[in-house]
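Q: just coords:
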């Protein structure tokens, strides 16, 4: 179940005061098994694009193909939203129910599943985000720590058993350990999902986890790259983003003549390069 | 949510816009009183002419102003119905008859007057909000309520609370947007026809919204505290309200209108026989 987007354009109401976040002629394809990153500075249209995927924004012009949903006709939004789950920024701010179990079960309940199925899904998804069902299910979501709340919110989307998961800056506002834990969690979810799409400003995460990166700027798609292609030169810096820290360091080491080429992506490769240059075995 | 017009201020520059907010407030209050002195069609004619002149001078498109009447559509219909049912005046000439329903001439006249009064009661304050920003309004109100400070009512703090509320509302709308999108992504149904279901559907929006409002209020209070904000007493303003030459003119013009209305009502000048204008009165 791939996601295909062709020539998608979106313009906000002409009368609207804020005319940012429009899309112009965006085409891209997300294949099964992809961990797809959407990067670009604030207002580049990443979120607008993401909100098209589950029908929160109605398509204006262009083509969107997801499964057998026909975006040109009236689509069954519930079915689409069960297929494409979106975890918004700071998802913990959307928790509302009396207990964690009820909150996680909100999506399945809206899908009118039977109570047994709902219960099973709630258990599964709370487990999937690395929390202990028995310990946490009966608690109020407001008693939890920030990291736990975010996990519960992600579980709330997973409980709908989506095939494609879209995450809008899943690690924003967490401490370094929290960031790492959430990224490991998302990475571990990949096996049960067809594709993961992540909006991110953190290029270290993109370099480490994603296999494809779409770079956006002012509503236009600059291109779709592999992380290695994208971070080879200073392209991202021209679009208001930073290189991953290891790559940036490699460039400096190369300029200083310590290593010969900066063609690396992660820390391990950088270390290998330095060892090679220094002839240390 | 973006469409919600807040205070519906219409941005342009005109004599009406630059008239002092305090003067406009005073005039608006007096205007509401004045509308109740109008009891004839001639009186409403005078109101209409003055109103059109004001709209013209304010450069706000007339249709925009008239659009504000949409909110009283139901109320107007209800008023019409009530006047028709409980009209106590003379029932002489029948204008229209069907089955047991008879509509009398007197009824229509009375109805017209009530509806016109309603319309003008709405139009006046509408012009105030079209031509005065919420901030100016608060400042104006604060100034007008100043005497209350003498009996120990904390006007300054009240005004501060009000202007901060106005400041926060756009953020609140953004937040509401986010939460609605998130819950929609979990298949929440906000479009049910059933009014109880719709009310219940508000819970997943209201709970997170209230929770985040409290959190933000707390943060704001801390931020003010940490900058040693004590009381609102000697707060200075970036835009000070200033009386100008326009203000006495506005007052004089309004006083003239009021005089005409009072003259029509109490007939100050008996030598002008109002009955000569016959049926309109």
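A: Good, I have the coordinates. Nothing here was measured: the structure is a model prediction, and the numbers come from that model.
Q: determine whether any part of the longest helix that chain B contains lies close to chain A.
A: In terms of residue count, the longest helix belonging to chain B (DSSP state H) is helix B:155-185. Yes - using Cβ under 8 Å from any Cβ of the partner chain as the criterion, contacts between helix B:155-185 and chain A involve B:175, B:178-179, B:181-185. (C-beta placed from N, C-alpha, C; glycine too.)
Q: buried set for that helix?
A: B:155-156, B:158-160, B:162-163, B:166, B:175-176, B:178-185 (16 or more other Cβ atoms under 10 Å in any protein chain shown).
Q: cool, stretch A:216-225 as well?
A: A:216-222, A:224-225.
Q: tell me where the chain has helices.
A: Let's take chain A. So, for chain A - with DSSP H - the helices run A:46-53, A:77-83, A:100-104, A:106-110, A:115-128, A:133-136, A:146-158, A:176-189, A:203-209, A:227-230, A:235-238, A:245-255, A:267-277.
Q: meant chain B actually
A: Using DSSP H, helices in chain B cover B:15-18, B:21-35, B:41-58, B:62-67, B:73-86, B:105-131, B:134-144, B:155-185, B:195-201, B:203-226, B:246-266.
Q: packing partners for the first one?
A: Which is helix B:15-18. helix B:41-58, helix B:105-131 (3 or more Cβ pairs under 8 Å, 6 or more residues apart in numbering or on different chains; DSSP states H and E).
Q: for residue B:8, which of these is the nearest?
A: helix B:105-131 (5.5 Å; Cβ to Cβ).
Q: show me where pLDDT drops low in the stretch 1-150 of chain B?
A: Low-confidence regions of the stretch 1-150 of chain B, defined by pLDDT under 70, span residues B:1-7, B:88-93, B:95, B:100-101.
Q: using TSV, lay out the helices of chain A together with mean neighbour count and mean pLDDT.
A: Output for the helices of chain A, formatted as TSV (neighbours: other Cβ atoms under 10 Å in any protein chain shown; pLDDT from 0 to 100):
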stretch	mean neighbour count	mean pLDDT
helix A:46-53	23	93
helix A:77-83	18	92
helix A:100-104	25	95
helix A:106-110	23	94
helix A:115-128	17	95
helix A:133-136	14	94
helix A:146-158	24	94
helix A:176-189	16	93
helix A:203-209	21	94
helix A:227-230	19	93
helix A:235-238	15	92
helix A:245-255	18	92
helix A:267-277	15	90
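Q: can I get the ones you listed in CSV including distance to residue A:170?
A: As requested, the helices of chain A are arranged in CSV below (distance: least, Cβ to Cβ, whole Å):
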stretch, distance to residue A:170
helix A:46-53, 12
helix A:77-83, 18
helix A:100-104, 17
helix A:106-110, 17
helix A:115-128, 14
helix A:133-136, 19
helix A:146-158, 7
helix A:176-189, 5
helix A:203-209, 9
helix A:227-230, 17
helix A:235-238, 20
helix A:245-255, 19
helix A:267-277, 22
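Q: which among those helices is found nearest to residue B:84?
A: Closest approach to residue B:84 among those (Cβ to Cβ): helix A:77-83, 44.4 Å.
Q: right, is the closest one up against chain B?
A: Yes - for helix A:77-83, a contact with chain B is found by Cβ under 8 Å from any Cβ, at A:77-78, A:81-82.
Q: remind me what that helix packs against, helices and strands.
A: Packing partners of helix A:77-83 (3+ Cβ pairs under 8 Å, 6+ apart): strand A:69-70.
Q: what lies in contact with the strand it packs on?
A: A:75-76, A:79-80, A:83 (Cβ atoms under 8 Å, 6 or more residues apart in numbering or on different chains).
Q: Serialize those to TSV and add fields for distance to residue A:51.
A: As requested, those are arranged in TSV below (distance: Cβ to Cβ, whole Å):
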residue	distance to residue A:51
A:75	14
A:76	17
A:79	17
A:80	12
A:83	15
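Q: closest one of those to residue A:191?
A: residue A:83 (17.7 Å).
Q: who are the contact partners of the closest residue to that closest one other than its chain neighbours?
A: Spatial nearest neighbour of residue A:83, excluding adjacent residues (Cβ to Cβ, 6 or more residues apart in numbering or on different chains): residue A:163 at 5.3 Å. Residues near residue A:163 by Cβ under 8 Å, 6+ apart: A:1, A:67, A:83-84, A:193-195.
Q: near chain A, which residues of chain B are found?
A: Counting by Cβ under 8 Å from any Cβ, chain B sits next to chain A at B:2, B:175, B:178-179, B:181-189, B:203-205, B:207-208, B:211-212.
Q: repeat the analysis, applying 7 Å as the threshold.
A: B:2, B:178-179, B:181-189, B:203-204, B:207-208, B:212 (Cβ under 7 Å from any Cβ of the partner chain).
Q: give me the most central residue, chain B.
A: Geometric centre of chain B, nearest residue: residue B:125, 3.5 Å, by Cα atoms, centre = their mean.
Q: and for the closest residue to that one other than its chain neighbours, the neighbour number?
A: Spatially, and ignoring its direct neighbours in sequence, residue B:125 is nearest to residue B:28 (5.9 Å; Cβ to Cβ, 6+ apart). Other residues lying near residue B:28 total 17 when counted by other Cβ atoms under 10 Å in any protein chain shown.
Q: again, but for the one 3 residues further on
A: Residue crowding around residue B:31 was assessed by other Cβ under 10 Å; the count is 24.
Q: now swap in residue B:106 and tell me
A: Residue B:106, neighbours per other Cβ under 10 Å, totals 16.
Q: gap between it and residue B:176?
A: Remark: distance between residue B:106 and residue B:176 (Cβ to Cβ, to the nearest Å) = 49 Å.
Q: how about residue A:245?
A: Distance from residue A:245 to residue B:176, counting by Cβ to Cβ: 37 Å.
Q: now swap in residue B:132 and tell me
A: 26 Å.
Q: check residue A:219 too.
A: According to Cβ to Cβ, residue A:219 and residue B:176 sit 25 Å apart.
Q: next one: residue A:253
A: 49 Å.
Q: how about residue B:145?
A: From residue B:145 to residue B:176 the distance is 31 Å (Cβ to Cβ).
Q: and for residue B:125?
A: 26 Å.
Q: over to residue A:102?
A: For residue A:102 relative to residue B:176 (Cβ to Cβ), the value is 22 Å.
Q: then residue B:131?
A: Residue B:131 is 28 Å from residue B:176, by Cβ to Cβ.
Q: residue B:150 now?
A: 40 Å.
Q: what does chain A have sitting close to chain B?
A: So chain A meets chain B at A:16, A:51, A:54, A:56, A:78, A:81-82, A:85-86, A:88, A:91, A:93-96, A:106-107, A:110-111, A:156-157, A:160 (Cβ under 7 Å from any Cβ).
Q: kindly state the beta-bridge partners for the residue nearest the centre of chain A.
A: Closest to where the C-alpha atoms of chain A average out (Cα atoms, centre = their mean) is residue A:198, at 1.5 Å. Note on residue A:198: beta-bridge partners by DSSP bridges are residue A:37, residue A:167.
Q: residue of the stretch 151-281 of chain A closest to chain B, please.
A: Of all residues in the stretch 151-281 of chain A, the one sitting closest to chain B is residue A:156 (6.3 Å; Cβ to the nearest Cβ).
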